[in-house]
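S.K.: output the structure for:
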Amino acid sequence: MRDSDSIESLAVGAVRDAISRCPYAKEDIKTNDKIPSWDGDIYIYSKEGKKKEDLLGMIHSQVKGKEVDTLSSTEITYPAEVTDLKNYRNNGGTLFFVVEIDPNDSRKIFYSTLLPIKLQVLFDDIKEGQETKSIVLRPFPSDDKNAVATILTNFYIDSHKQTSFTDIKLPTFKDLSGNKDVERILFSTNKIGPHDTSGADALKAFVENEICFYAQFKGSPAPIPVKESEGKMLFSGLINSPVKINDRTFFDKYRISYSAKGLFITFAYGVKLSWPHDGQQGRFNYVAPNSLRQRMHSLEFLSALGKSGCFDLGDTHYVMNDSSFDATKIEQEYKMCQRTSKLLDNLHIEDDLDISGLKGSDAFVLSCLETAFVDNQPVSGINYTHEGPTYQDLSLSNLRIRVILVPNEKNYKLTDIEDFFNPKRHIITYQKDNDDNYYVLPGMSLLDVDAFCSLSNIDYSRSIADYKELSKSNPHMLLIANETLNKMILSIDKKANERISSAALELASWLSTQSIPYITTDGCKLDILQLTKRKRKLNKEEIASLNDIIAKKELDPFDRIGSLLLLGKKKDAKAYYKTLNKDQQTVFNLSPMHHFWK
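M.R.: Next comes the predicted model:
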């Protein structure tokens, strides 16, 4: 353990050496100095040579030493005394240094630009009687004379801009939002040293250095500092250009971001390519999305990338040189997702699978479903005890899937699983007529409103096709189809679903061409119009057709009330509603048209 004087001497020496190597600065920092709160000053020059006529000005500095076992590689924190922070705030700020010293006397300098506005933010979080406040310090670029000069120059300029606002309540970006008195937001930085002509140096200066923002108000002589705005900048832009592999477009745009850490290209769905400024090779990073379909798309791209070893951004061709890219692992994940995606396709599931919502028990369900619908094999381990087929709803994360379970004919220990809405062999939905004849029903006929809201594997196209075919031999099928339509519309009011809306409109359109027992032609038209109005306002032609219905002398009361409601004439509809008996009112209240009375 070193004594305090030795620690301070080593710390001050490190800072003095770093400043002395900079041709734009001259230090006047003393060891064991007795000046309260400061250890000395640093003089800043506009040119190399440190001539008196090139002097920009002076900034205060404070140096602290700290013994450590291992030098830190990134940012550190240090408990600064609140009394010192008050003095810094009242005197234009301070460049605060902390020097870490390891057992071998190796030293590393860290710094914090304690500008007046940053100090004001710190004091917002300091309580009465608090003696110290933790501050964050970043590594000081001791070996880069131009970077040192840039830090010192920017600190001096911002310190002078902010000193007169020390005791003034300053606006935040939130305060400025929508403020019509703000003419513009200003920010700038200085980069000391040679510049290239491409503009890359200017961009790099903004992302490597701390930037302070200022608001220019109407009538104000000087820009006002914006509170809580100090920090390093991130430049980001969306590029509308295709990302291709072997002429196949995987993404139609990508985002480029440029920060102090490097250049980043973000494609979509968790795929990012990064190039650090330190010269390391570019590297692909992949964060698996929760969405199965998004994950499939990302893995398909990465799988193709692993096979080709190159890709195109617009017209620019890139060869991948990432030794950490695990093509084998990517291919394995891709095949697993392909298998699950094929399962959803075979079950006609359009909803996406939320992979993050999969629980432990879902693994068995997923395995059983993939065995049945991807491999077309019977399933083991279900312990099915029924003698004949029955249906069951299976949960898989956010999906709910209705299937038919039936014992396997060849092996009682195995179970066959079929799609409830597309059964291959076992049909369990029947209707019995007065002559004890059985008629097959579409699976959709058995669903209630809640089932329409929750089931993911309803095959609407197949069910509507079944209604059309079965109605040829069973005229009662039309009435059953109409009852199904009513439940579909009620489910839309309970939980909006574009897929159900489209299917309901298709079913309603077909029913309007049929002669349905107890259902009027106008009633079929109203079903189409009420579905349309749930999506958008009715057009002139549609409104005219409603007026034509109302103009009829002989009209079903339900059709008249429905037409008036669709036209927005609730008072007139109420008058006709009151002419219905209680049973009729109850029936109307349970109908989808009642929605337009709410």
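S.K.: check which residues of stretch 79-86 are buried.
M.R.: Ala80, Val82, Asp84, Leu85 (16 or more other CB atoms under 10 Å). From N, CA and C alone the C-beta is placed, and that goes for glycine too.
S.K.: for Phe452, which non-adjacent residue is spatially closest?
M.R.: Once flanking residues are discounted, Phe452 sits nearest to Ser491: 3.6 Å by CB to CB, 6 or more residues apart in numbering.
S.K.: for His595, see how far away the one you found is.
M.R.: Going from Ser491 to His595 by CB to CB, to the nearest Å gives 12 Å.
S.K.: over to Asn285?
M.R.: Per CB to CB, Asn285 is found 49 Å from His595.
S.K.: picking up where we left off before, any chance of the buried residues of stretch 79-86 in TSV, plus distance to Cys368, pLDDT and secondary structure?
M.R.: Shown next, in TSV, are these (distance: CB to CB, whole Å; pLDDT from 0 to 100; DSSP: H, G, I helix; E, B strand; the rest coil):
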residue	distance to Cys368	pLDDT	secondary structure
Ala80	62	95	strand
Val82	65	95	helix
Asp84	68	95	helix
Leu85	65	95	helix
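S.K.: for Gly49, give me its contacts.
M.R.: Pro23 (CB atoms under 8 Å, 6 or more residues apart in numbering).
S.K.: if you set the cut-off to 10 Å instead, what comes out?
M.R.: Gly49 makes contact with Pro23, Tyr24 under the criterion CB atoms under 10 Å, 6 or more residues apart in numbering.
S.K.: now do Tyr384
M.R.: Neighbouring residues of Tyr384 by CB under 10 Å, 6+ apart: Thr390, Gln392, Leu405, Val406, Pro407, Asn408, Tyr412, Lys413, Leu414, Thr415, Asp416, Ile417.
S.K.: now do the buried residues in the helix or strand containing Gln392.
M.R.: For Gln392, the host element (DSSP states H and E) is strand 390-396. With burial defined by 16+ other CB under 10 Å, the residues of strand 390-396 counted as buried are Tyr391, Leu394, Leu396.
S.K.: which residues sit against that strand?
M.R.: 340, 343-344, 349, 353-354, 357-359, 361-363, 365-366, 368-369, 382, 384, 386, 400-406, 417-418, 420, 423, 426, 428-429, 443, 446, 451, 454-457.
S.K.: assign Thr513 to helix, strand or coil.
M.R.: Look at Thr513: counting by DSSP: H, G, I helix; E, B strand; the rest coil, its state is coil.
S.K.: now the one 3 residues further on
M.R.: The local conformation at Ile516, judged by three-state DSSP, is coil.
S.K.: next one: Leu95
M.R.: Assigned state for Leu95: strand (three-state reduction, three-state DSSP).
S.K.: Ile349 too?
M.R.: Classification of Ile349 using three-state DSSP returns coil.
S.K.: can you give me phi and psi for it?
M.R.: phi -90, psi 120 (degrees, to the nearest 10).
S.K.: quick one, what contacts it?
M.R.: Neighbour list for Ile349: Ser341, Leu343, Leu396, Leu399, Ile401, Leu455, Ser456, Asn457, Ile458, Asp459 [criterion: CB under 10 Å, 6+ apart].
S.K.: compare the residues you listed and tell me which is most surrounded.
M.R.: For the contacts of Ile349, the largest neighbour count, defined by other CB atoms under 10 Å, is 26 neighbours, found at Ile458.
S.K.: any idea of the mean pLDDT in stretch 356-371?
M.R.: In this model, stretch 356-371 has a mean pLDDT of 93.
S.K.: just the buried residues of it, please?
M.R.: Result for stretch 356-371 [16+ other CB under 10 Å]: buried residues Leu358, Asp362, Val365, Leu366, Cys368, Leu369, Glu370, Thr371.
S.K.: what of stretch 487-505?
M.R.: For stretch 487-505, a neighbour-count test (16+ other CB under 10 Å) marks Lys487, Met488, Ile489, Leu490, Ser491, Ile492, Asn497, Ile500, Ser501, Ala503, Ala504, Leu505 as buried.
S.K.: just the residues you listed: which are in helices?
M.R.: Secondary structure from DSSP state H places Lys487, Met488, Ile489, Leu490, Ser491, Ile492, Ile500, Ser501, Ala503, Ala504, Leu505 of those in helices.
S.K.: may I see those organised as JSON lines, with distance to Gly523 and pLDDT added?
M.R.: Shown next, in JSON lines, are these (distance: CB to CB, whole Å; pLDDT from 0 to 100):
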{"residue": "Lys487", "distance to Gly523": "16", "pLDDT": "97"}
{"residue": "Met488", "distance to Gly523": "16", "pLDDT": "97"}
{"residue": "Ile489", "distance to Gly523": "13", "pLDDT": "97"}
{"residue": "Leu490", "distance to Gly523": "16", "pLDDT": "97"}
{"residue": "Ser491", "distance to Gly523": "20", "pLDDT": "97"}
{"residue": "Ile492", "distance to Gly523": "18", "pLDDT": "96"}
{"residue": "Ile500", "distance to Gly523": "20", "pLDDT": "96"}
{"residue": "Ser501", "distance to Gly523": "19", "pLDDT": "96"}
{"residue": "Ala503", "distance to Gly523": "19", "pLDDT": "97"}
{"residue": "Ala504", "distance to Gly523": "15", "pLDDT": "97"}
{"residue": "Leu505", "distance to Gly523": "16", "pLDDT": "97"}
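S.K.: good, we can wrap up now.
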